[in-house]
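>>> coords below, sequence missing:
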């Protein structure tokens with residue numbers, strides 16, 4: 001019997017292949033080129049707005065790092081980003097995509113605010129702050145525990161679950177702001193807002209920044225040790241690599257999922273405590289302010305390395321502080337300033353694709369069976 005003929009097909013124009021290895025020098029060269037392209041693209045936008053790109057970029061840097069006040073503001077912006085990146089690191093290493101850090105921050109902020117508003121005159125200042133911190137840890141942990149339980153029990157999609165929980169807790173904040181904690185506590189206010197905290201419920205400052213920056217730096221070292229040198233960290237890594245392998249090795253995967261997300265939510269809730277007690281001194285809809293989402297970028301760019309997260313968080317702090325400044329100095333619209341920040345992040349994230357993969361173009365006249 002004659003075998004059927006197989007048609008020749010032309011190779012695709014472009015194929016994507018995973019790199020087997022790449023030198024550190026080449027990887028950093030790709031990153032440097034990406035940042036340069038981001039600055040050039042941003043410069044075109046600045047030119048279109050009628051400003052000198054070099055002067056604008058210089059103002060962003062000097063306003064963030066050139067003066068003590070600017071440095072303090074930059075650190076204030078970097079602290080919650082670093083704290084939240086540390087929170088999601090164990091979940092992401094386990095490949096549990098926790099997109100709900102934003103809501104976990106708000107949950108912790110609500111719990112801390114309750115004691116700040118109703119217990120400030122019943123407890124000494126240090127004890128009150130300790131109770132607020134514990135409340136943020138516990139409630140943030142519970143908020144992270146909810147999607148973990150459903151994932152471990154019924155295999156639900158954690159991305160959608162954690163994302164939807166963000167909107168639920170945001171609704172709770174709006175209810176409190178417009179009702180019992182807003183006009184209910186401050187009926188003379190023309191706007192529905194939660195009152196500012198008493199001094200006893202405010203974190204002390206060290207070098208002009210609330211003491212939370214010291215705690216977060218210590219947490220960075222602890223998280224590095226936890227992920228790399230403990231049994232729990234090893235189990236997280238194994239589950240992230242292969243659930244089947246973890247089960248074959250006798251690991252209790254549901255228990256690991258629940259435990260890890262409890263930790264992730266608790267740290268996010270602690271960041272919520274830092275925000276309300278150290279930054280804004282009250283609870284608002286913008287207490288999280290996108291921190292939970294931006295922290296994903298911090299963790300991803302750092303490849304879940306806690307110490308590298310410090311540098312990335314500071315870099316983003318510089319960008320955010322600089323963007324705020326050029327809005328005032330150059331009258332650049334907030335949307336354009338945010339676009340500059342977004343462009344730089346886009347190129348930085350995009351370059352990681354070219355570090356891990358390469359593009360193979362079709363050779364002239366190439367065919368395959």
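Arrived safely, thanks for sending. Quantities reported herein were computed from a predicted structural model and do not represent experimental measurements.
>>> point to the residue nearest the middle of this structure.
Geometric centre of the chain, nearest residue: residue 295, 1.1 Å, by Cα atoms, centre = their mean.
>>> what separation do you get for that residue and residue 268?
9 Å (Cβ to Cβ, to the nearest Å). No exception for glycine: its C-beta is placed from N, CA and C like everyone else's.
>>> also residue 45?
Residue 45 sits 33 Å away from residue 268, going by Cβ to Cβ.
>>> now do residue 240
Distance, residue 240 to residue 268, by Cβ to Cβ: 19 Å.
>>> please identify which of the two sits among more neighbours.
Legend: neighbour count by other Cβ atoms under 10 Å for residue 240 and residue 268, higher for residue 268 (36 against 19).
>>> nearest residue to that one other than its sequence neighbours?
residue 104 (3.6 Å; Cβ to Cβ, 6 or more residues apart in numbering).
>>> element containing that neighbour?
helix 101-118 (DSSP states H and E).
>>> and the next helix or strand past that helix?
Per DSSP H and E, the first helix or strand lying C-terminal to helix 101-118 is helix 125-154.
>>> can you pull the buried residues of that next one?
128-129, 131-149, 151-152 (16 or more other Cβ atoms under 10 Å).
>>> now do it: which elements does it pack against?
Contacts defined by 3 or more Cβ pairs under 8 Å, 6 or more residues apart in numbering; DSSP states H and E place helix 125-154 against helix 101-118, helix 158-178, helix 253-274.
>>> ok now the second one, how far from the chain's centre?
In terms of Cα atoms, centre = their mean, to the nearest Å, the gap separating the centre of helix 158-178 from the centre of its chain is 17 Å.
>>> which residues sit against whatever helix or strand comes next after that helix?
The helix or strand immediately downstream of helix 158-178 is strand 205-206, counting by DSSP H and E. Outside strand 205-206, the residues that touch it by Cβ atoms under 8 Å, 6 or more residues apart in numbering are 211, 213-214.
>>> pLDDT weak spots in this structure?
Scanning the chain for pLDDT under 70 picks out the ranges 1-11, 362, 364-369.
>>> one more pass at 80, please.
Counting by pLDDT under 80, the chain has low-confidence residues at 1-15, 19-22, 184, 186-190, 359-369.
>>> helices along the stretch 251-369 of the chain, start to end?
Secondary structure of the stretch 251-369 of the chain (DSSP state H, counting those that start in this stretch): helices located at 253-274, 291-301, 306-329, 334-356.
>>> can I get the ones you listed in a markdown table with distance to residue 94?
Below are those laid out as a markdown table (distance: least, Cβ to Cβ, whole Å):
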| stretch | distance to residue 94 |
| --- | --- |
| helix 253-274 | 5 |
| helix 291-301 | 13 |
| helix 306-329 | 15 |
| helix 334-356 | 20 |
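>>> return the most buried member of the ones you listed.
Sort the helices of the stretch 251-369 of the chain by mean neighbour count, taking mean count of other Cβ atoms under 10 Å, and helix 253-274 sits at the top with a mean of 25.
>>> neighbours around the nearest residue to residue 106 once chain neighbours are set aside, how many?
Leaving aside its chain neighbours, residue 106 sits nearest to residue 169 (4.6 Å; criterion: Cβ to Cβ, 6+ apart). Each residue near residue 169 was counted by other Cβ under 10 Å, and the total is 23.
>>> dihedrals phi and psi, residue 304?
Per-residue torsions, residue 304: phi 60, psi 20 (degrees, to the nearest 10).
>>> residue 51 versus that one, what's the distance?
38 Å.
>>> want to throw the helices and strands packed on helix 125-154 into CSV with distance to residue 90?
Converted to CSV, those look like this (distance: least, Cβ to Cβ, whole Å):
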stretch, distance to residue 90
helix 101-118, 12
helix 158-178, 14
helix 253-274, 5
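>>> between those, which one is nearest to residue 59?
helix 253-274 (28.6 Å; Cβ to Cβ).
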